[in-house]
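> No sequence on hand, only this structure:
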């Protein structure tokens, strides 16, 4: 063992209890920051996963980001006619067959066209405002997890009959209708048509459960009097992270607004950044406190070892050796604390992962705490710990190294 | 005989509000195999002179050459290196490292110098301690030894790297007469048998009489 390390170890080992307290201080800091990072990261990942699962990764709608330019503007750069009312366009995505065929040719994932229209669902004397969504039953499961949310009937039942409808369970309750009952859907265009309830779903999002009604795309086109029209293409990608690129390309080519899930949830993702800043600030604070513990013990050691420092210097150890010695002692405490902190952190994360609880409102869903296992958490916590230990050790080490041995030898009587 | 240490006009003034002169205008020459006593009343600057000679302190003025090299321009690291190779210290109090055994204490300067293999260091430490009558105390810690024994360990440690010059600051100052005599005899033997140069600060005039040369210091000056 190198001499300086040998002396450092002897010093630390010679003061078992104090060292233990400092090591435990660091270990608790490291352990808790690991556990906290695992929980926060886990919660975040879980949230994003749910978000990504429920939402289409790219949503192309029949809207434009900016109002369409007037023909006059296109002809003469600076001219715009004020008060001009744009002519009524046929709404929906123009030439849907070509658009979907083009998407089909290159997107790394699946897509589903749909026609969404506002309307009213009527059953006996009750009426509920609804979002009537026309979908293709064979494509829809590829982009939407709704298939798994059925409490009665199934998604496949939609295709089983020409006039079937799938509604949320809340909506059915409000209507007083059940599976097999026939309801009337009235579109904003005034067309009414009867549908038979073939399935009830419960997504867990109240707003959807009380307002969404799924029918066949061609029925939706009839009800809204827009033959062959679609007004939304939802895309699910194999890799959700490619959504912004896909959205950009689709928007540039099709001319319609294409929104990636990251854009749609920008504020949530921004909140995560803030959460992470807060988390690392707290981790830093914990480490700072642990750092004071180390500072304290190294200060005490250098103070008590003033005589030994004088001896070693008189024997021919340069100041650099003395600095290294006490720096090493600080880092050793930091490293020892980190190693113990890993065990503590791992144990805490494991214990947390075993916790199960029920969501009271429904009583049926058992949930685990979302936990993220990541080596990075251990690395970051260790970096903080050893870094603060080095600083905490260096300051007293420098002071100790600069002591004049003569002062101590003189004063030793 | 070769000159080991040479000083000229050596001065040490403490820069307090009222400057205190510890050592004033000392010019001397220390040759190989000399046994020198530094005597004088308390506070006369004997120890201060010894610290200057031992490169533990820097002179305010004057020059100091050790082994033919001028110590003035040396930086902290070179001075430490020179202490390690050329000098051995024995202080009034033993100044051993309390957590290490007697043998380890003697090994430490050798390990710092790093010229020998570990087994050779071990062997040499054992020999040095054996020659000072401490053969059965090798693995004890300093606090298990008597004052005289500790002081002999300190002598062994000062010899660890076989330096030509041993500086002793009242080496027998805190020992009873029997132990004092023992330690004195050991120092004398270092000069006579091993060819070392020993400069010892002492209050004991009988001992000083038995040395080769006496430097009597009063108020920082040689009388």
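Cool, got the structure. Small disclaimer: the values here were computed from a predicted structure and weren't measured. Numbering: from 1, shown residues only, chains lettered A, B, ... in the order given.

> packing partners for the helix or strand residue A:332 falls within?
Secondary structure from DSSP states H and E places residue A:332 in helix A:319-354. Under the contact criterion of 3 or more Cβ pairs under 8 Å, 6 or more residues apart in numbering or on different chains; DSSP states H and E, helix A:319-354 touches helix A:3-13, helix A:16-54, helix A:266-304, helix A:306-315, helix A:375-402, helix B:76-86. In short, each C-beta sits where N, CA and C put it, glycine included.

> ok, 7 Å please
Secondary-structure packing of helix A:319-354 (3 or more Cβ pairs under 7 Å, 6 or more residues apart in numbering or on different chains; DSSP states H and E): helix A:3-13, helix A:16-54, helix A:266-304, helix A:306-315, helix A:375-402.

> hey, which of the ones you listed is tucked in deepest?
Of all the helices and strands packed on helix A:319-354, helix A:306-315 has the most neighbours on average by mean count of other Cβ atoms under 10 Å in any protein chain shown, namely a mean of 23.

> Show residues contacting it.
Helix A:306-315 is contacted by residues A:322, A:400, A:403, A:405, A:408-409, A:412, B:56, B:83-84, B:89, B:95, B:97, B:108-109, B:112 when judged by Cβ atoms under 7 Å, 6 or more residues apart in numbering or on different chains.

> Give the ranges of residues in the chain that sit below the confidence cut-off.
Just so you know, I chose chain A. By pLDDT under 70, the low-scoring segments of chain A are A:1, A:68-69, A:86-90, A:359-366, A:411-413.

> I was after chain B.
Checking chain B against pLDDT under 70 turns up B:1, B:94.

> do you know how far residue B:155 is from residue A:358?
Residue B:155 sits 78 Å away from residue A:358, going by Cβ to Cβ, to the nearest Å.

> Tell me which of these two has more neighbours.
Neighbours per residue, other Cβ atoms under 10 Å in any protein chain shown: of residue B:155 and residue A:358, the larger number sits with residue B:155, 26 against 11.

> Between helix A:306-315 and the helix or strand harbouring that one, find me the angle.
Using DSSP H and E, residue B:155 maps to helix B:147-158. Between helix B:147-158 and helix A:306-315, the angle comes out at 40 degrees (axes from the mean of the first three to the mean of the last three Cα atoms, to 10 degrees).

> what residues does helix B:147-158 touch?
B:88-90, B:94-96, B:102, B:105-106, B:109, B:128-129, B:132-134, B:137, B:142, B:145, B:166, B:171, B:174-175, B:179, B:182-183, B:186.

> moving C-terminal of that helix, what's the next helix or strand?
Scanning forward in sequence from helix B:147-158 by DSSP H and E, the next helix or strand is strand B:165-169.

> Go through the next helix or strand after that next one and flag the buried ones.
For strand B:165-169, the following helix or strand on the C-terminal side (DSSP H and E) is helix B:177-192. Residues B:179-180, B:182-184, B:186-188, B:190-191 are the ones in helix B:177-192 that count as buried (16 or more other Cβ atoms under 10 Å in any protein chain shown).

> do stretch A:315-323 as well
Buried-residue list, stretch A:315-323, by 16+ other Cβ under 10 Å: A:315-319, A:321-323.

> what do you get for stretch B:93-108?
B:93-97, B:99-108.

> Kindly report the same for stretch B:36-49.
Buried-residue list, stretch B:36-49, by 16+ other Cβ under 10 Å: B:36-40, B:44-49.

> Just put those residues in CSV and tack on secondary structure and distance to residue B:205.
Shown next, in CSV, are the buried residues of stretch B:36-49 (DSSP: H, G, I helix; E, B strand; the rest coil; distance: Cβ to Cβ, whole Å):
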residue, secondary structure, distance to residue B:205
B:36, strand, 15
B:37, strand, 9
B:38, strand, 12
B:39, strand, 7
B:40, coil, 11
B:44, coil, 14
B:45, coil, 18
B:46, helix, 13
B:47, helix, 17
B:48, helix, 21
B:49, helix, 18
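
> Need the residues you listed in JSON lines (columns: distance to chain A).
Output for those, formatted as JSON lines (distance: Cβ to the nearest Cβ, whole Å):
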{"residue": "B:36", "distance to chain A": "19"}
{"residue": "B:37", "distance to chain A": "20"}
{"residue": "B:38", "distance to chain A": "16"}
{"residue": "B:39", "distance to chain A": "19"}
{"residue": "B:40", "distance to chain A": "16"}
{"residue": "B:44", "distance to chain A": "14"}
{"residue": "B:45", "distance to chain A": "12"}
{"residue": "B:46", "distance to chain A": "12"}
{"residue": "B:47", "distance to chain A": "7"}
{"residue": "B:48", "distance to chain A": "8"}
{"residue": "B:49", "distance to chain A": "12"}
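
> Tabulate those in CSV, adding columns for distance to residue A:133.
CSV is the format used below for the buried residues of stretch B:36-49 (distance: Cβ to Cβ, whole Å):
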residue, distance to residue A:133
B:36, 107
B:37, 109
B:38, 105
B:39, 109
B:40, 107
B:44, 105
B:45, 101
B:46, 102
B:47, 97
B:48, 97
B:49, 100
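
> List the contacts of the closest residue to residue A:336 other than its chain neighbours.
Nearest residue to residue A:336, sequence neighbours excluded (Cβ to Cβ, 6 or more residues apart in numbering or on different chains): residue A:23, at 4.9 Å. By Cβ under 7 Å, 6+ apart, the contact set of residue A:23 is A:333, A:336-337, A:340.

> Chain B: which of the residues you listed is nearest?
Nearest to chain B out of those is residue A:333 (Cβ to the nearest Cβ; 17.0 Å).

> who's in contact with residue 219?
Just so you know, I chose chain A. By Cβ under 7 Å, 6+ apart, the contact set of residue A:219 is residue A:134.

> other chain: chain B
Residue B:219 makes contacts with residue B:44, as judged by Cβ under 7 Å, 6+ apart.

> Distance of it relative to chain A?
Residue B:219 sits 18 Å away from chain A, going by Cβ to the nearest Cβ, to the nearest Å.

> ok, now residue B:65?
Distance from residue B:65 to chain A, by Cβ to the nearest Cβ: 19 Å.

> just checking, what's the longest strand in chain A?
Longest strand of chain A, by residue count under DSSP state E: strand A:109-123.

> Which elements pack onto the following helix or strand past that one?
Heading C-terminal from strand A:109-123, the first helix or strand you meet, by DSSP H and E, is strand A:126-135. Helices and strands touching strand A:126-135, by 3+ Cβ pairs under 7 Å, 6+ apart, are strand A:109-123, helix A:169-175, strand A:212-216, helix A:217-223.

> Out of these, which is the most enclosed?
It is strand A:212-216: most buried of the helices and strands packed on strand A:126-135 by mean count of other Cβ under 10 Å, with a mean of 23.

> Strand partners (parallel or antiparallel) of that strand?
Strand pairing for strand A:212-216, using DSSP bridges, gives strand A:126-135 (parallel), strand A:164-168 (antiparallel).

> Kindly compare burial across those strands and name the winner.
Of all the strands paired with strand A:212-216, strand A:164-168 carries the top mean neighbour count, a mean of 26, counting by mean count of other Cβ under 10 Å.

> And for it, what's in contact with it?
Contact with strand A:164-168 is made by A:155, A:157-158, A:183, A:185, A:195-202, A:208-210, A:212-215, as judged by Cβ under 7 Å, 6+ apart.

> what's the answer for stretch A:338-358, then?
With contact meaning Cβ under 7 Å, 6+ apart, stretch A:338-358 is reached by A:23, A:26-31, A:34-35, A:38-39, A:365-369, A:371, A:378, A:381-382, A:385-386.

> mind listing what's buried in it?
A:338-342, A:344-346, A:348-349, A:352-353.

> so residue B:29 sits in a strand?
Yes: counting by DSSP: H, G, I helix; E, B strand; the rest coil, residue B:29 is part of a strand.

> show me the contacts for the spatially most central residue of chain B.
Centroid check for chain B by Cα atoms, centre = their mean gives residue B:167 as the closest residue, at 2.0 Å. The neighbourhood of residue B:167, defined by Cβ under 7 Å, 6+ apart, consists of B:50, B:53-54, B:87, B:89, B:199.

> Now the buried members of these.
B:50, B:53-54, B:87, B:89, B:199.
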